[in-house]
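Engineer: Give me a 3D structure for the following:
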Amino acid sequence: MEAVPNPALVALDETVSRSVRLSRADIADFARLSGDANPLHSDTAMASRARFGEIIASGQHSSALLMGLLATHFSRSDDGLRREMLCLNVNFAFKHPVFADQDITLRWRVSGLEWKDKLGGFVVQLDGTAGVARTQPALVARGTILVKESVDVKVPGRGPLEPACTGP
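Structural biologist: Residues are numbered from 1 along each chain as shown. The predicted model follows:
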């Protein structure tokens with residue numbers, strides 16, 4: 001059975017945004033957990049002597065927050081419609097530093113979409129930004145995702161909470 005486009009899944013010019021505030025501890029913790037030993041993310045003395053003069057978030061930190069917003073929004077079911085989202089491609093350009101204790105706005109906008117019968121969903125192009133309000137973005141992003149309606153897959157003879165396979 002072929003999937004039928006559901007225009008409620010995603011819309012052209014649809015936007016999603018949220019604000020975050022990163023403390024110096026948040027920045028240092030993320031850098032440590034992600035294996036980024038660059039002292040610009042954790043060493044106040046070193047960072048004060050460097051180009052930006054203070055602790056900055058790593059590029060992967062701000063891009064991870066933007067990716068989290070993307071995944072959460074396009075796999076949501078809060079409107080009664082269950083979605084699946086698969087990230088196909090995202091490119092980031094780092095334009096300005098992200099400093100601690102600033103309100104950072106994360107934002108995605110659907111800039112294009114096309115139904116693909118073969119994939120059973122919409123291939124969606126997005127433009128994203130992360131930055132401080134009323135300034136140029138610290139991060140710009142372009143992405144392509146697949147959004148489709150989630151369907152329950154029923155395995156004959158198995159209850160909904162039983163695992164699909166069992167180990168040894």
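
Engineer: What is the burial count for residue 50?
Structural biologist: For residue 50, the neighbour count with other C-beta atoms under 10 Å is 14. The way it works is simple: take the backbone N, C-alpha and C, and place the C-beta from them, glycine included.

Engineer: now the longest strand seen in the chain: how far from the chain's centre is it?
Structural biologist: Longest strand in the chain, counting residues (DSSP state E): strand 103-116. What separates the centre of strand 103-116 from the centre of its chain is 10 Å, taken as C-alpha atoms, centre = their mean, to the nearest Å.

Engineer: Who are the packing partners of the helix or strand harbouring residue 29?
Structural biologist: Assigned by DSSP states H and E, residue 29 belongs to helix 24-33. Under the contact definition 3 or more C-beta pairs under 8 Å, 6 or more residues apart in numbering; DSSP states H and E, helix 24-33 sits against helix 59-74.

Engineer: for the helix it packs on, packing partners?
Structural biologist: Under the contact criterion of 3+ C-beta pairs under 8 Å, 6+ apart, helix 59-74 touches strand 15-21, helix 24-33, strand 83-94, strand 103-116, strand 121-132, strand 139-149.

Engineer: if we look at it, which residues are touching it?
Structural biologist: Helix 59-74 has contacts (C-beta atoms under 8 Å, 6 or more residues apart in numbering) with 10, 16-18, 20, 22, 27, 30-31, 34, 36, 41, 83, 85, 87, 90, 92, 94, 98, 104, 106, 108, 124, 126, 128, 130, 138-139, 141, 143, 145, 147.

Engineer: I appreciate the help and will end here.
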